[in-house]
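J.: Got a sequence here, can you model it:
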Amino acid sequence: MTPHVVVIGGGIAGLAAAHRLVGAGADVELIEADDRLGGKLRTSPFAGRMVDEGADAFLLRVPWALDLCTALGIDDELVHPAARTAYILSGGALRPLPPQFMGVPTDLDALAASGLVSDDGLRRARSELELAASPPSGDETIGAVIERRLGREVLERLVDPLIGGINAGDTRRQSLAAVVPQLDAAARDPEHPSLIAACRARLPESSADPPPLFASPVSGMGRMVAALASSLGGAQVRLGRRVEAVETASTGATVVLDDGIHLSVDAVIVAVPAYALAQLLVALVPEEAGALDQVEHASVAIVTFAFRPDDLGRPLDRSGFLVPRVEPTKALTACSWSSTKWAHLDADHGDGTVVLRASAGRHGDQVAIELDDDTLVSHVLDDLTASMGGVGAPTEVRISRWPQSFPQYAPGHLARVAALERALPPTVAVAGAALRGVGVPACIASGQAAADRVLATIAPVAGAAR
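T.: Take a look at the predicted model:
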């Protein structure tokens, strides 16, 4: 008999799970509370171009997103950033981002030339090469490890804006192992007492033309969502419907919808944010769900602007810039110069304007949610004027708000996730950004792993034939 599986959540993780299940021959039902699929992936028309409102690319260092694009037949639509270097706002000026590995500077002469840190900060960073090994003790915060090895300035001016920007977080509160496992491994490298040396060893071999780190469909990340939706074939998709409860049965599970309908299924995959996940699973695994309910979230907004090229006070000569937490901006945390970053978003492909995507809000800073539209735009424009030598009046503005969109992985997070997965019955699996990574590839991997888990339980023949 064909196994019947319900996937709760239509973001990229839930869609990846559903795609995997359909490919294995399962009868799939996808339930999404919103009126659209895709979660934080959304692309819409802006200034004569299709411009992303959330994530605008996926990482190529890990395979899952690229492999999925290949499976969906859209890999030939992928493009790579035209500009690969960025600035960091420091001391009110845009300074070049020096060579680094996950924020750790690997060329200290370039760090000195950048002006990002003071002479004292540079001396402190150089001294790290001679320090005795001090690997993380258990699951430490990013801030604790970096400040111990490289000093406060490197942490605040380089590592925090880069790594904290991954999930709009504060590196003094984030787990090194959960947020940047590559850096955690470098910090524990027994062959390199110095963290800088360990990071240098992890850099790719010198190349005149290094491979790109990111990719995106030329029509935007929404293309992945559309392709996944089309791949589901006869799967039933219920939009605008909420799941009230997940219950186990003598065989399989029961999913209770907001209109009282009870769906008897062979298995369930829950791919929703941590706070929603905790509510749905509390009856099944109360202790583990309670721990997940303690995960804090950051809210962000992306304000997209179109400007006439002559109305900008400086050339757009890199991909954009990051804003350290210690910089006194009103709202701005980063700005992507999209028309330089992506060749298909330049002025020639739109209405003659250039597109900038400005980010606001991060953990501990609620400006993205608390400010009204006019005030948010005004604050961001003031910050752009101060950092970019002036900007004129935008010809078009779009605000995309993402409340509680980025889970914050505190120390112990990975252990809590593992405990949850062990406690769940085999016919219930979890996926999504709440688990082991907020990026698109990590979410895809979690959805596929959840599908494999339930297939191995309920349909070993179908799972083996995948």
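J.: Skip the chain neighbours and tell me the closest residue to residue 108.
T.: residue 126 (5.6 Å; CB to CB, 6 or more residues apart in numbering). No exception for glycine: its C-beta is placed from N, CA and C like everyone else's.
J.: err, residue 158, not the other one
T.: residue 103 (5.5 Å).
J.: my read: the one you found touches residue 166, true?
T.: No. Taking contacts as CB atoms under 8 Å, residue 103 lies outside contact range of residue 166: 9.8 Å.
J.: more neighbours, those two?
T.: residue 103 (25 against 18; other CB atoms under 10 Å).
J.: what sits against that one?
T.: Counting by CB atoms under 8 Å, 6 or more residues apart in numbering, residue 103 makes contact with 146, 158, 159, 160, 162, 163, 183.
J.: chain center to the strand or helix carrying the first one: distance?
T.: To tie it back to what came earlier, the one meant is residue 146. Residue 146 is part of helix 142-150, with elements assigned from DSSP states H and E. In terms of CA atoms, centre = their mean, to the nearest Å, the centre of helix 142-150 is set 23 Å apart from its chain centre.
J.: Begin at 10 from now on, thanks
T.: Happy to do that; since the first residue is 10 now, the last one works out to helix 151-159.
J.: For the helix or strand following that helix, which outside residues touch it?
T.: As assigned by DSSP H and E, the chain's next helix or strand after helix 151-159 is helix 161-163. Identification of contacts with helix 161-163 by CB under 8 Å, 6+ apart yields 113, 114, 120, 125, 126, 127, 129, 130, 133, 134, 155.
J.: The residue lying closest to residue 402 once chain neighbours are set aside: neighbour count?
T.: Among residues not flanking residue 402 along the chain, residue 320 sits closest, at 7.2 Å (CB to CB, 6+ apart). Other residues near residue 320 come to 14 when the count uses other CB under 10 Å.
J.: Can you tell me how far residue 320 is from residue 312?
T.: Relative to residue 312, residue 320 is positioned 16 Å away (CB to CB, to the nearest Å).
J.: if we can go back for a sec, just give me the closest of the contacts of residue 112 to residue 405.
T.: Among the contacts of residue 112, residue 171 lies closest to residue 405 (CB to CB), at 29.5 Å.
J.: Just the helices from the stretch 360-475 of the chain, written as ranges.
T.: 376-379, 382-397, 422-432, 449-467, 469-474 (DSSP state H, counting those that start in this stretch).
J.: so what secondary structure elements neighbour the longest one?
T.: Applying 3 or more CB pairs under 8 Å, 6 or more residues apart in numbering; DSSP states H and E, one finds that helix 449-467 makes contact with helix 21-32, strand 67-68, helix 73-81, strand 276-279, strand 437-439, helix 469-474.
J.: Would you verify that residue 343 is located in a strand?
T.: Yes. Applying DSSP: H, G, I helix; E, B strand; the rest coil, one finds residue 343 inside a strand.
J.: what number of residues lie near the closest residue to it other than its chain neighbours?
T.: Leaving out its chain neighbours, the residue that sits closest to residue 343 by CB to CB, 6+ apart is residue 368, at 4.3 Å. Here the number of neighbours of residue 368 (other CB under 10 Å) works out to 23.
J.: in stretch 224-235, what counts as buried?
T.: By neighbour count on 16 or more other CB atoms under 10 Å, the buried set for stretch 224-235 is 224, 225, 226, 228, 229, 230, 231, 232, 233, 234, 235.
J.: And stretch 24-42, by the same measure?
T.: 24-42.
J.: roughly how far is that stretch from the heart of the chain?
T.: How far stretch 24-42 lies from its chain's middle: 22 Å, per CA atoms, centre = their mean.
J.: Check stretch 19-33 too.
T.: For stretch 19-33, the distance to the chain centre is 19 Å (CA atoms, centre = their mean).
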